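Engineer: Sequence first, predicted model second:
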Amino acid sequence: MEYVDYYKILGVPKNATQEEIRRAYRTRARKFHPDVNKDKSAEAEFKKVNEANEVLKDPEKRKLYDTYGKDWQNGAQHQEATRWEEMFTHGKAQSDSTRTFRFSTEGSFGETNGFSDFFHSLFGQDYAQQHTHWRDFNQPGRSHEADITLTLREIITGASKSITLQSYELDAAGQPQPTTRNFQVKIPQGVTEGSVIRLHGQGEKGSGGGAAGDLLLRIHTAPDPRFSVDEHDLHTVVAIAPWEAALGAKVEVQTLEGSVSLKIPRGSENGRKLRIRGKGLPKKGDQSGDIIVELHIQVPTSLSKEEEELFKELAGKSTFNPRQEMGQRAAGRSKRVR
């Protein structure tokens, strides 16, 4: 009886991770599934792939196979196999949550031995008989992912957005064909950069009776000339005149829903940050983020004669010395936020 190399059947190295084995199995099972591959050899290859996965997907069975595979004729593996039979008899076997297989001795493939003699010898006749034939193969479809870019206005209003996605689906002959699908997506409240909208059942179609996968839409925010985004907060820069900073003032600040009047406190320094509460991006529930306004004092670069005279008069009368008040210090001092 010939040793069966399950790693070779799945096309993975012996040190492959469980995730690599899972991906390899999905690829091979899809390639040789009788529903999509009409080649005469596909059925036999499909059984080999499932037999390999049956062993390698389970860490304990994989350990047993790695230990006794080439030396399966040794007596040691018989005791190990007996232990496995008892475990399965008492219902302790682990199931693969990503797909469902149903078995019967009245399988549709027309043979009396769904697993190889090597499998029988290594894992026991009783266990193999319970898994002799595939009645049907229920494999859920994979989830598809796509990116969707939203403006800040679309995020804050929660409007519906029309999107068109192109993908590939297998036809009746198992050949990938391009498909175009249109969706009307409702933007839920609380999304921001990196959020995911899940459309159930809109991914890859399942095989047999398997459910379709989901469509996962990952949110990206479009650049906005007025704001940068930090989760649900919006950051913006507003320029003020020197006298507005010194005397205090009220200035108009744009939000995503119009404008608000922001009070500039007397004596505001360049770089000071003020907070406009509740005017940022909506969160889940009834709350919203804030708008953080950073003040930039803009000095006029061109003065009229009258303005120049006024500045000279101020310079002659003012006792303010910024170097005495502030001194010299390292850059990067944080500004307070109100």
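Structural biologist: That came through fine.

Engineer: Excluding covalently adjacent residues, which one is nearest to residue 293?
Structural biologist: Leaving out its chain neighbours, the residue that sits closest to residue 293 by Cβ to Cβ, 6 or more residues apart in numbering is residue 274, at 4.8 Å. The C-beta positions use only the backbone N, C-alpha and C, and glycine is treated the same way.

Engineer: Which strand or helix spans the one you found?
Structural biologist: strand 273-276 (DSSP states H and E).

Engineer: Then residue 65?
Structural biologist: Following DSSP H and E, one finds residue 65 within helix 59-68.

Engineer: Enumerate the positions of that helix that are buried.
Structural biologist: Of all the residues in helix 59-68, those buried under the rule 16 or more other Cβ atoms under 10 Å are 61-62, 64-65, 68.

Engineer: how about a markdown table for the residues you listed, with distance to residue 230 and pLDDT added?
Structural biologist: Shown next, in a markdown table, are the buried residues of helix 59-68 (distance: Cβ to Cβ, whole Å; pLDDT from 0 to 100):
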| residue | distance to residue 230 | pLDDT |
| --- | --- | --- |
| 61 | 49 | 81 |
| 62 | 46 | 84 |
| 64 | 52 | 79 |
| 65 | 51 | 82 |
| 68 | 57 | 72 |
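
Engineer: Would you tell me which one of those comes nearest to residue 186?
Structural biologist: In terms of Cβ to Cβ, no member of the buried residues of helix 59-68 lies closer to residue 186 than residue 62, at 44.7 Å.

Engineer: Now do the contacts for that closest one.
Structural biologist: Applying Cβ atoms under 8 Å, 6 or more residues apart in numbering to residue 62 gives the contacts 55-56.

Engineer: The residue nearest to residue 293 reaches residue 291, doesn't it?
Structural biologist: No - the pair residue 274 and residue 291 does not pass the contact test of Cβ atoms under 8 Å, sitting 9.1 Å apart.

Engineer: So which of those two has more stuff around it?
Structural biologist: Neighbours per residue, other Cβ atoms under 10 Å: of residue 274 and residue 291, the larger number sits with residue 291, 25 against 20.

Engineer: How about that one: what's its closest non-neighbour residue?
Structural biologist: residue 276 (4.2 Å).

Engineer: Run a quick neighbour tally on the one you found.
Structural biologist: For residue 276, using other Cβ under 10 Å, the count is 17.

Engineer: Return the residues in contact with it.
Structural biologist: 253, 255, 260, 262, 290-293.

Engineer: Take those residues and keep only those in strands.
Structural biologist: Of the contacts of residue 276, the ones assigned to strands by DSSP state E are 253, 255, 260, 262, 291-293.

Engineer: ok, so of those, who is nearest residue 159?
Structural biologist: Looking across the ones in strands among the contacts of residue 276 and measuring by Cβ to Cβ, the closest to residue 159 is residue 255, at 17.5 Å.

Engineer: My understanding was that the closest one contacts residue 278; is that so?
Structural biologist: No - between residue 255 and residue 278 there is no contact under Cβ under 8 Å: 9.8 Å.

Engineer: Which one's more surrounded, these two?
Structural biologist: The neighbour count for residue 255 versus residue 278, taken as other Cβ under 10 Å, is higher for residue 255 (17 against 13).

Engineer: how about the nearest residue to that one, chain neighbours excluded?
Structural biologist: Distances taken as Cβ to Cβ, 6+ apart put residue 279 closest to residue 255, at 4.6 Å, once the chain neighbours are dropped.

Engineer: Tally up the residues packed near the one you found, please.
Structural biologist: With other Cβ under 10 Å as criterion, residue 279 counts 20.

Engineer: now do residue 182
Structural biologist: Using other Cβ under 10 Å, the number of residues around residue 182 comes to 8.

Engineer: Quick one, which of the ones in strands among the contacts of residue 276 are buried?
Structural biologist: Neighbour-count burial (16+ other Cβ under 10 Å) is assigned, among the ones in strands among the contacts of residue 276, to 253, 255, 262, 291-293.

Engineer: For the closest residue to residue 261 other than its chain neighbours, give the beta-bridge partners.
Structural biologist: Excluding the flanking residues, the one nearest residue 261 by Cβ to Cβ, 6+ apart is residue 250, at 5.1 Å. Using DSSP bridges, the bridge partners assigned to residue 250 are residue 263.

Engineer: ok, which stretches of the protein are strands?
Structural biologist: Using DSSP E, strands in the chain cover 100-103, 134-138, 144-150, 160-170, 176-186, 196-199, 215-221, 228-230, 233-240, 249-255, 258-264, 273-276, 291-297.

Engineer: Lowest average pLDDT across those strands?
Structural biologist: Ranked by mean pLDDT, the strands of the chain end with strand 100-103 in last place, scoring a mean of 33.

Engineer: Show me the shaky parts of the stretch 1-150 of the chain.
Structural biologist: Along the stretch 1-150 of the chain, segments meeting pLDDT under 70 span 1, 35, 69-138.

Engineer: Was I right to think residue 21 contacts residue 56?
Structural biologist: Yes - counting by Cβ under 8 Å, residue 56 is a contact partner of residue 21 at 5.1 Å.
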